[in-house]
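1. take this sequence and fold it.
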Amino acid sequence: MIHTAELSIVLDKEHLQFRENHYGTEPINQILHMHMIKGISIVEFSNKPIAFCKLVIDIPLILNRGNVDENDYEQVESYIRRALSIVYGDVLLFEQHNLSRIDYRFDVEISNENIRKIYLELFRKLKKKTAHLEKKIYFTSQYHQCKSIHIIFYDKEQERGDKNEHVERWERGVMRFEVSVEKNHLKYKKYKKGEPRFLKDYFKKEKYAHYMNNYILNICPTGDFYSYAKLEAIIASLDLSTREKLQMKEIVKCVSKGSLDTAAEKYSASTYRKYLKLFNEHGINPITIPPKYKLNYLESLVKQAVL
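-> Residues are numbered from 1 along each chain as shown. Below you'll find the predicted structure:
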C-alpha cells in the first residue's frame, strides 16, 4: 500500500544542542545505524533561518515485509518517535511533522523477466500526455508526472540491479505501480481543502484507493492484453452494434501501428473516450501484444492495482 514517506519537522535550539552534546559531529545517519534504526534517514538543515530536519522513511524496510496496510500505522509511528528521541531527545517532535511526500504502490509478482519486459513494452504505447501529466520513458521504467504527482511503472528488481543495490525479498520479480504524491499537492490539499499534512491521515486505505484509482485509471486502459488476431475475434463476438465493433477494430489497428496517441489524434475526443470506455467495460485492452512474442494473452496488471 505505502512505500516511502517524507516528513519535515522544525527544530528548536534545544534539539540541536541535545544532538551536539550526545554525539558531537557524528553524522545523523551513523547515529541511527549505531542504534539499529533501519528504514529511516535524516537530513538536518540547521544553517537556515528556521532549523528543520527531513526524514525519509522506507516503511517496508521498517516492517521487514512488503505488505503494508493501515493497521501498521501505530508500529510505524512508534518507530519514528524512537528515532527522533535517539537523535534529538524529544519523542514529541513527531507531533510537529508535516508530510512532504508519500509514495503509494502496488506490486505484482512476475517471476519471468522476459514477461516483465513485454509489459514494459506494452506500457510504452500509453499516451504521451494525459491531462497535466507528461510521459517519460527510461529503460526499465515509465514516468507520468507533473510538479504535484508522479506516476511510475517499473521493474523493481531490474531497477535495483541497475543501481547495484540490494534487492529485498519482497522486491524480487516485481512489477511496481507507484503514485508519488508530492509536496505541492499536499500543500494544496491542506490550504484549499483543509486536509492535514499528517502521516496518519495519508496512511488510510481510502487515501490509497483514491490516488491509485484516480491517477492509474486516468493513464491506463484496464483490460487484458491480447494478440491482434485474438482481440479481433473477441470484438466480433461482443453484443454490440456492427458499427461499434468495426470502430473498435479500427482503433485497435490504429494503436497497433503506433500508440494510444495515434488513435487519440485520429478521432474526436468524445469518440476516443467513448470507445476507450467500451474497451474497459469489456475487459479488453486496445493495446495488442506484438506478433514477435507469439503470445495470445497477458493478464492486465492495472486492474489488480486499482480498487
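2. drop to CA atoms for contacts and neighbour counts, all remaining ones
-> Will do.
3. these two touch, right, Gly39 and Asn64?
-> No. Counting by Cα atoms under 8 Å, Gly39 stays clear of Asn64, with 9.2 Å between them.
4. and those two? which has more neighbours close in?
-> Applying other Cα atoms under 10 Å to Gly39 and Asn64 shows that Gly39 carries more neighbours, namely 19 against 14.
5. which residues touch Tyr202?
-> Applying Cα atoms under 8 Å, 6 or more residues apart in numbering to Tyr202 gives the contacts 102, 208.
6. if you set the cut-off to 10 Å instead, what comes out?
-> 2, 5, 70, 99, 102-104, 186, 195-196, 208 (Cα atoms under 10 Å, 6 or more residues apart in numbering).
7. now those in JSON lines, please, with extra columns for neighbour count and pLDDT.
-> Below are the contacts of Tyr202 laid out as JSON lines (neighbours: other Cα atoms under 10 Å; pLDDT from 0 to 100):
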{"residue": "Ile2", "neighbour count": "25", "pLDDT": "90"}
{"residue": "Ala5", "neighbour count": "22", "pLDDT": "97"}
{"residue": "Glu70", "neighbour count": "16", "pLDDT": "93"}
{"residue": "Leu99", "neighbour count": "23", "pLDDT": "97"}
{"residue": "Ile102", "neighbour count": "23", "pLDDT": "96"}
{"residue": "Asp103", "neighbour count": "22", "pLDDT": "95"}
{"residue": "Tyr104", "neighbour count": "22", "pLDDT": "94"}
{"residue": "Leu186", "neighbour count": "24", "pLDDT": "94"}
{"residue": "Glu195", "neighbour count": "14", "pLDDT": "92"}
{"residue": "Pro196", "neighbour count": "16", "pLDDT": "93"}
{"residue": "Tyr208", "neighbour count": "22", "pLDDT": "91"}
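8. can you redo the residues you listed as JSON lines with distance to Arg176 and secondary structure?
-> Below are the contacts of Tyr202 laid out as JSON lines (distance: Cα to Cα, whole Å; DSSP: H, G, I helix; E, B strand; the rest coil):
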{"residue": "Ile2", "distance to Arg176": "12", "secondary structure": "strand"}
{"residue": "Ala5", "distance to Arg176": "17", "secondary structure": "strand"}
{"residue": "Glu70", "distance to Arg176": "19", "secondary structure": "helix"}
{"residue": "Leu99", "distance to Arg176": "23", "secondary structure": "strand"}
{"residue": "Ile102", "distance to Arg176": "15", "secondary structure": "strand"}
{"residue": "Asp103", "distance to Arg176": "12", "secondary structure": "strand"}
{"residue": "Tyr104", "distance to Arg176": "10", "secondary structure": "strand"}
{"residue": "Leu186", "distance to Arg176": "23", "secondary structure": "helix"}
{"residue": "Glu195", "distance to Arg176": "28", "secondary structure": "coil"}
{"residue": "Pro196", "distance to Arg176": "28", "secondary structure": "coil"}
{"residue": "Tyr208", "distance to Arg176": "15", "secondary structure": "helix"}
